[in-house]
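Trainee: Turn this into a model:
(chains A and B)
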Amino acid sequence: ILNVEQSPQSLHVQEGDSTNFTCSFPSSNFYALHWYRWETAKSPEALFVMTLNGDEKKKGRISATLNTKEGYSYLYIKGSQPEDSATYLCASYILTGGGNKLTFGTGTQLKVEL
Amino acid sequence: DTEVTQTPKHLVMGMTNKKSLKCEQHMGHRAMYWYKQKAKKPPELMFVYSYEKLSINESVPSRFSPECPNSSLLNLHLHALQPEDSALYLCASSLFGGTGGPNTEAFFGQGTRLTVV
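Mentor: Got it, this is the predicted structure:
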């Protein structure tokens, strides 16, 4: 994998459904994997920063896992609510000789309907 | 204060104009970033400043000129832009600008919506 990729591109679910998204990233020079939540007309806001293989993080109904060996991360939302509607971006933080780079995936746009 | 403030929020400029975008943070972050985001695409990295020095330029055309006057401020000077440069320009900062540190979470501004006419 050369780029950070996310799937699906968009998702419509009903209130109360649980859902999950995938992020694939290059494993070379890997330092950290970030998940951001981006609501319309607001700034992207960090949900999780994970660095270690096997990391699992949780914040309320949202959780994430990390597999650095195979280069993927999952984000789970349990019991989706309309306020969860947003674009979810993952980003790979890598260390390079010239500096540190935070490279974003294409995002998953989630719409939670009543 | 966990805010990154960007000004202006909206900017319309002609192709012969010179304008600047500004970004400010007071969190003591030593890494600052400029991203460009076009509709339905991910934010695309343009520049990274680490400890007030330009550390990454992602082959950005010279009509975009970044400047970091001090550890709290980041500017993006614009000159002779093209209509295809119209986009949302996001500024971000994070704690560490060097090669280490687990605290790499980036804090973003709300962006400047730029339209080039």
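Trainee: use CA for all of it now, contacts and neighbours both
Mentor: Fine.
Trainee: Strands along chain A, start to end?
Mentor: Applying DSSP state E to chain A gives strands spanning A:5-7, A:10-14, A:19-24, A:30-38, A:45-50, A:56-59, A:62-67, A:72-77, A:86-95, A:100-104, A:108-113.
Trainee: Please identify the deepest-packed of these.
Mentor: A comparison of the strands of chain A by mean neighbour count, using mean count of other C-alpha atoms under 10 Å in any protein chain shown, puts strand A:86-95 on top with a mean of 24.
Trainee: so how far is that one from its chain's centroid?
Mentor: Chain-centre distance of strand A:86-95: 6 Å, with C-alpha atoms, centre = their mean, to the nearest Å.
Trainee: Please enumerate residues in contact with it?
Mentor: A:4, A:6, A:23, A:25, A:29-40, A:100-111, B:42, B:99, B:104 (C-alpha atoms under 8 Å, 6 or more residues apart in numbering or on different chains).
Trainee: do that again at 7 Å, thanks
Mentor: A:4, A:23, A:25, A:29-39, A:100-111, B:99 (C-alpha atoms under 7 Å, 6 or more residues apart in numbering or on different chains).
Trainee: Tell me the neighbouring strands of it, and mark each as parallel or antiparallel.
Mentor: strand A:30-38 (antiparallel), strand A:100-104 (antiparallel), strand A:108-113 (antiparallel) (DSSP bridges).
Trainee: which one is A:Leu11 nearest to, not counting chain neighbours?
Mentor: In space, A:Leu11 comes closest to A:Leu110 once its chain neighbours are excluded; the distance is 4.9 Å by C-alpha to C-alpha, 6 or more residues apart in numbering or on different chains.
Trainee: separation between the one you found and A:Lys58?
Mentor: In this structure, A:Leu110 lies at 19 Å from A:Lys58, with C-alpha to C-alpha, to the nearest Å as the measure.
Trainee: cool, A:Glu113 as well?
Mentor: Plainly put, A:Glu113 is 23 Å away from A:Lys58 if you go by C-alpha to C-alpha.
Trainee: what about the strands in chain B?
Mentor: Ranges of strands in chain B, per DSSP E, are B:4-7, B:10-13, B:18-25, B:31-37, B:44-50, B:53-57, B:64-70, B:73-79, B:87-94, B:107-108, B:112-116.
Trainee: if we can go back for a sec, nearest to B:Lys9, of the strands paired with strand A:86-95?
Mentor: Taking C-alpha to C-alpha, strand A:30-38 is the member of the strands paired with strand A:86-95 nearest to B:Lys9, at 16.9 Å.
Trainee: and the angle from that closest one to strand A:72-77?
Mentor: 30 degrees (axes from the mean of the first three to the mean of the last three C-alpha atoms, to 10 degrees).
Trainee: Save the strands paired with strand A:86-95 as TSV, and put in mean pLDDT and distance to B:Ser50 too.
Mentor: As requested, the strands paired with strand A:86-95 are exported to TSV (pLDDT from 0 to 100; distance: least, C-alpha to C-alpha, whole Å):
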stretch	mean pLDDT	distance to B:Ser50
strand A:30-38	92	17
strand A:100-104	87	8
strand A:108-113	96	30
